[in-house]
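**Q** Sharing a model prediction with you, sequence too.
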Amino acid sequence: MKQIKDYIKRENSVVTGQSNLEHLYTFKDFPVFMGCSNETNSENDLTADMVWKIDPNSGIVQLSKLIPMEILYMDQHMDATGATWDRYNKALADFVIENHEGNILEIGGGSGKLANLIILKSENLKYTVVEPNPTFLESDRINIKRKFFTDEFKINDDTIKTITLSQVLEHVYDPRSFLKNLYNKLPEKGLFIFGYPNLEHLFSNKFTNAINFEHTILMTEIYVDYFLSEAGFEIIKKIPYENHSHFYSVRKNSSVKKNNIKLDSEKLYRKYKLMFNQFIDYHLKMVKEINDFVDKYNSSVFLFGAHIFSQYLISFGLKTEKIKFILDNSPIKIEKRLYGTNLLVKSPKILKEYSKPLVILKAGLYNKEIKDDIINNINSNVKFI
């Protein structure tokens, strides 16, 4: 593997702009892409040091070295496979339909699942998707712009009154400038409706999909509200969706008072520094216990998740010598190789061929769905750790 040399440096706090960030932890030579590769080995895979710091004046945890977007998003790796994502997309589609006005522009449409659900529910709606790597096709009602949403992007359609996105805001490198750009592109009283992951729940429960090279800021709900207020958005409606996400409907309102969210910086600093250190300690201990168990296990061993979950475990020291395959349900990953490893990805259906297989399963909110499917539909003799 090759370490990249051209980082985007972010040594100032995304909240305060100050440069007195405090180092928390560095993951050495972490894979820069959390998807899969068609190449047979990892020789040409790129890695980078993932350096986490905290701002003592706001409590925000953030990466100080960022990956150029064209490298980080070299291909589409997210197709929202599984019952959890199906429920989420249906719920968010209902929320958008209930609260939107005019036609809709979606930023980062990815798989197209949200777009297609929304247009099915609204007969005359026109829909535009801004997405550099779409995995779906245009239709007479869905127009795809194959690019990133930048300052230069122009909305040349006065009928678009709503901008929506799903699981995208956590990916932006500068939330302040992103929201200002979005605000400026909306008409007065235009709506911004979005789904945002519950990073507070994910990270406090030690789930590894909370922060990474794509989620470069531990931007929990208090910070989302802070940045929205600073940009001039009025929060119309905000609801929790299970422990998965928050749904927001906010309005551009030039008369609203900005910066009406106050941060208790000292409290937030203590809270998130402790939470981060507990995250690190938990995984170092857990991975050691997994290694000890696998060393003594006499049957076939598999690792679930051709994604950030597995990459984190390996970075924390998970031994891979006894792992036969990575398992994943996503059709765009099967028979490929998990980036940053030499492990091939297979469907969980191959577990039918083994008598007492062991599956290492640390996939956060998706654990129960994955485990139930394997036990009930594939092999009831699988052991999980």
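**A** Happy to help now that I have it. What you see is a predicted model, and the numbers here were worked out from it, not measured in a lab.

**Q** For the nearest residue to residue 315 once chain neighbours are set aside, pull up the helix or strand it's in.
**A** Once its chain neighbours are removed from consideration, residue 315 has its nearest residue in residue 27; the separation is 5.2 Å (C-beta to C-beta, 6 or more residues apart in numbering). Every residue, glycine included, has its C-beta placed from N, CA and C. Take DSSP states H and E as the rule and residue 27 turns out to sit in strand 22-31.

**Q** so residue 300 sits right up against residue 354, yeah?
**A** Yes: counting by C-beta atoms under 8 Å, residue 300 sits close enough to residue 354 to count as a contact (5.0 Å).

**Q** How much space separates residue 277 from residue 206?
**A** Distance of residue 277 to residue 206, computed by C-beta to C-beta, to the nearest Å: 12 Å.

**Q** Neighbour count for these two, which is higher?
**A** More neighbours surround residue 206 than the other of residue 277 and residue 206, with 17 against 12 (other C-beta atoms under 10 Å).

**Q** check contacts around the more buried one.
**A** Under the criterion of C-beta atoms under 8 Å, 6 or more residues apart in numbering, the neighbours of residue 206 are 278, 279, 282, 283.

**Q** Please apply the same query to residue 69.
**A** Contact partners of residue 69, counting by C-beta under 8 Å, 6+ apart, are residue 148.

**Q** Report the distance from stretch 354-363 to the chain centre.
**A** Distance of stretch 354-363 from its chain centroid, counting by C-alpha atoms, centre = their mean, to the nearest Å, is 25 Å.

**Q** Measure how the longest helix seen in the chain sits relative to strand 22-31, angle-wise.
**A** Residue-count comparison of every helix in the chain, with assignments taken from DSSP state H, identifies helix 265-296 as the longest. Angular relation of helix 265-296 and strand 22-31 on a 0 to 180 degree scale: 40 degrees, by axes from the mean of the first three to the mean of the last three C-alpha atoms, to 10 degrees.

**Q** Which residues does whichever helix or strand comes after helix 265-296 contact?
**A** Using DSSP H and E, the helix or strand that follows helix 265-296 towards the C-terminus is strand 301-304. For strand 301-304, the surrounding residues in contact (C-beta under 8 Å, 6+ apart) are 294, 310, 313, 318, 320, 322-328, 343, 348, 351, 357-363, 370.

**Q** Do you have the helices of the stretch 51-200 of the chain handy? List them.
**A** When assigned using DSSP state H, counting those that start in this stretch, the helices of the stretch 51-200 of the chain occupy the ranges 69-72, 83-99, 113-121, 175-185, 199-204.

**Q** Tell me the spacing between residue 182 and residue 217.
**A** When distance is defined by C-beta to C-beta, residue 182 is 17 Å away from residue 217.

**Q** before we move on, what about residue 273?
**A** The span separating residue 273 from residue 217 equals 15 Å under the rule C-beta to C-beta.

**Q** These two: which is more packed in?
**A** residue 217 (22 against 16).

**Q** so who does residue 263 touch?
**A** By C-beta under 8 Å, 6+ apart, residue 263 lies in contact with 15, 58, 59, 222, 223, 226.

**Q** and the fifth one, how many neighbours?
**A** Looking back up the chat, that one is residue 223. By the measure other C-beta under 10 Å, the count of residues near residue 223 is 21.

**Q** ditto for the third one
**A** Applying other C-beta under 10 Å, we find 24 other residues in the vicinity of residue 59.

**Q** same deal with the one 5 residues further on?
**A** Taking other C-beta under 10 Å as the neighbour definition, residue 64 ends up with a count of 20.

**Q** and the gap between it and residue 222?
**A** Distance of residue 64 to residue 222, given as C-beta to C-beta: 22 Å.

**Q** swap in residue 309?
**A** 26 Å.

**Q** Those two: which is more packed in?
**A** Neighbours around residue 309 and residue 222, counted as other C-beta under 10 Å, are more numerous at residue 309. The numbers are 23 against 15.

**Q** Perfect, that will be all.
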